[in-house]
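A.B. asks: Model the following, please.
(one chain, ligands or ions: 1)
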Amino acid sequence: ARYSRIIGTGSYLPPRRVSNQALAEQLAQKGIKTSDEWIVERTGIRARYFADPGVGSSDLAVQASLKALEAAGCTAEDIDLIIVATSTPDMVFPSTACIVQNKLGVHGCPAFDVQAVCSGFVYALTVADAMIRAGSASRALVVGSEVFSRILDFNDRTTCVLFGDGAGAVVLQASDEPGILASELHADGRHVDILCVPGHVDGGQILGDPLLKMDGQAVFKLAVGVLEKAAHAVLEKAGISESQLDWLVPHQANIRIMHSTARKLKLPMDKVVATVEEHGNTSAASIPLALDHAVRQGQIKRGQNVMLEGVGGGFTWGAVLLKM
Ligand code: ACO
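C.D. replies: Modelled structure (predicted):
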């Protein structure tokens, strides 16, 4: 049988680290009150990274991709499919994937973006796996990259403290051995309004609000429920029991959501990769950033069973179970 397997991971954070304290001081100048204490207690976040003006998702994606290619022992020329998950593309069109392809100096292979907000990486990995198993690609670059700082409303303390910028990437290669074991993707468009950036370009103007809007409590409640279901469904599909799971790499939105998922999977927190404290929520980039972090720390090792799971705007959610 033909499978797909991750053969290299990479990630990149822009150099500007902004601590909760620094962000609180910045917001205080506008008369907006928040504190390190509040942010840590409600979310587990202590810092995030923000890209400088002029740096786009494609720039972060290229840096993460180069590291993933290096780890995989190949070059951009060896890649025959590029998928970028992002909700903060450089342009309305063409896709960020096409811009990344050009910046990597290669031309010709298919390249496209996947838009599923914070579930974007899980969606992109599932699409790449399906294309590899179908024989339409043999070595794919799958990237999650975001500059969420560009769509944050820095007058809204309930959202601007939660997100950060960054990118993560994997090289996924055709293999005789199983890598991606199973995946589960879902969406429920009834919940478009609870997490969205409603603005759009119309007649040369932006109509509607171009900044992120979120009903945090509604998102929290939905997220906890759907993640539990998706996690159990993907384990069952793969024929893997909870106790055979070596690592959970969840979307890094909020440490409380991660605690809840871990509890429901009867998984101790030392099997959960958590980077939200240092990265904040980087949307589609959060899972590949956390995965790369854990691989480079020597935590996640070849042969281990790893679950990735994401949830975000749409409402979208999903999980991928893989053998590293
Ligand atoms: N600093 C200080 N106080 C704040 C801040 C802040 N940054 N933000 C809100 N508050 C205040 C509120 O105004 C409110 O005050 P009030 O009681 O006087 O009205 C109080 O804190 C409590 O607000 P709640 O919204 O009830 O706080 P909650 O405990 O629900 O935490 C949070 C809010 C962190 C957004 C939480 O709902 C959450 O994490 N939701 C999930 C959202 C999420 O993770 N989204 C990410 C995108 S989707 C995804 O990736 C899953």
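
A.B. asks: where do the strands sit along the stretch 151-300 of the chain?
C.D. replies: Using DSSP state E, counting those that start in this stretch, the strands of the stretch 151-300 of the chain run over residues 165-175, 180-187, 195-196, 200-202, 205-207, 213-214, 247-250.

A.B. asks: Make JSON lines from these and add mean pLDDT and distance to residue 227 to it.
C.D. replies: Quick note: C-beta positions are derived from backbone N, CA and C, even for glycine. Output for these, formatted as JSON lines (pLDDT from 0 to 100; distance: least, CB to CB, whole Å):
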{"stretch": "strand 165-175", "mean pLDDT": "98", "distance to residue 227": "19"}
{"stretch": "strand 180-187", "mean pLDDT": "98", "distance to residue 227": "11"}
{"stretch": "strand 195-196", "mean pLDDT": "98", "distance to residue 227": "15"}
{"stretch": "strand 200-202", "mean pLDDT": "94", "distance to residue 227": "29"}
{"stretch": "strand 205-207", "mean pLDDT": "94", "distance to residue 227": "33"}
{"stretch": "strand 213-214", "mean pLDDT": "97", "distance to residue 227": "17"}
{"stretch": "strand 247-250", "mean pLDDT": "98", "distance to residue 227": "7"}
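
A.B. asks: will you turn those strands into CSV that also has distance to the ligand and mean neighbour count?
C.D. replies: Formatted as CSV, the strands of the stretch 151-300 of the chain follow (distance: least, CB to the nearest ligand atom, whole Å; neighbours: other CB atoms under 10 Å):
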stretch, distance to the ligand, mean neighbour count
strand 165-175, 14, 28
strand 180-187, 14, 20
strand 195-196, 5, 20
strand 200-202, 20, 10
strand 205-207, 22, 10
strand 213-214, 6, 18
strand 247-250, 10, 25
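
A.B. asks: Format those as TSV; extra columns: distance to residue 262.
C.D. replies: Converted to TSV, the strands of the stretch 151-300 of the chain look like this (distance: least, CB to CB, whole Å):
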stretch	distance to residue 262
strand 165-175	21
strand 180-187	18
strand 195-196	23
strand 200-202	38
strand 205-207	40
strand 213-214	23
strand 247-250	7
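
A.B. asks: ok, and the closest non-adjacent residue to the residue nearest to the spatial centre of the chain?
C.D. replies: Among the residues of the chain, the one closest to the centroid is residue 284, at 2.7 Å (CA atoms, centre = their mean). The shortest distance from residue 284 to any residue that is not its chain neighbour, by CB to CB, 6 or more residues apart in numbering, is 3.3 Å, and that residue is residue 120.
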